[in-house]
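Trainee: my questions concern the predicted model and sequence given below.
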Amino acid sequence: QVQLVESGGGLVQAGGSLRLSCVVSGRTSIIYPMGWFRQAPGNEREFVAGISWSGGTTYYADSVKGRFTISRDNAKNTVYLQMNSLKPEDTAVYYCAARKSGQRVTTARLDYDYWGQGTQVTVSS
């Protein structure tokens, strides 16, 4: 089994920055494609960013391109989401997700097999 634990959320003013972390435990000997998703109240859970197992391929939602950066440190079993120039519309619960080994990184929520509990990000105007 695989467990994902997010941290780093909080309250920040518009224009500010936060860095989210996701620590992977359990079967960490198998490296997985990873993604970040977010869900605002009343909305569907949406893709934010994804990264391949090697870190060589990344994808971003159009709404965060140029502001957010996904990265990973496989030695630490950790994936990061650096969020800059935050906007009130970025307010949501942010979830870390992993696909099973051997799969490609994708933007589709249903492709992901493991999920964290989420961390709240609130951006005030």
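Mentor: All right, it came through fine. Bear in mind that the values here come from a model prediction, so they are computed numbers and not experimental data.
Trainee: and the closest residue to Gly16 other than its chain neighbours, what does it touch?
Mentor: Leaving aside its chain neighbours, Gly16 sits nearest to Leu86 (5.4 Å; criterion: C-beta to C-beta, 6 or more residues apart in numbering). All C-beta atoms are positioned from the backbone trio N, CA, C, and that covers glycine. By C-beta atoms under 8 Å, 6 or more residues apart in numbering, the contact list for Leu86 reads 12, 14-18, 67, 121, 123.
Trainee: most centrally placed residue in this structure?
Mentor: What sits nearest the mean C-alpha location of the chain, by C-alpha atoms, centre = their mean, is Trp36, with 2.2 Å.
Trainee: identify the bridge partners of that residue.
Mentor: When bridges are called by DSSP bridges, Trp36 pairs up with Ala49, Cys96.
Trainee: so it makes contact with Arg19?
Mentor: No. Trp36 is not in contact with Arg19 according to C-beta atoms under 8 Å; the separation is 11.6 Å.
Trainee: so what sits against both of the two?
Mentor: Shared contacts of Trp36 and Arg19 (C-beta under 8 Å, 6+ apart): Leu81.
Trainee: in the strand ranked longest in the chain, what counts as buried?
Mentor: The longest strand of the chain (DSSP state E) is strand 18-26. By neighbour count on 16 or more other C-beta atoms under 10 Å, the buried set for strand 18-26 is 18, 20-24.
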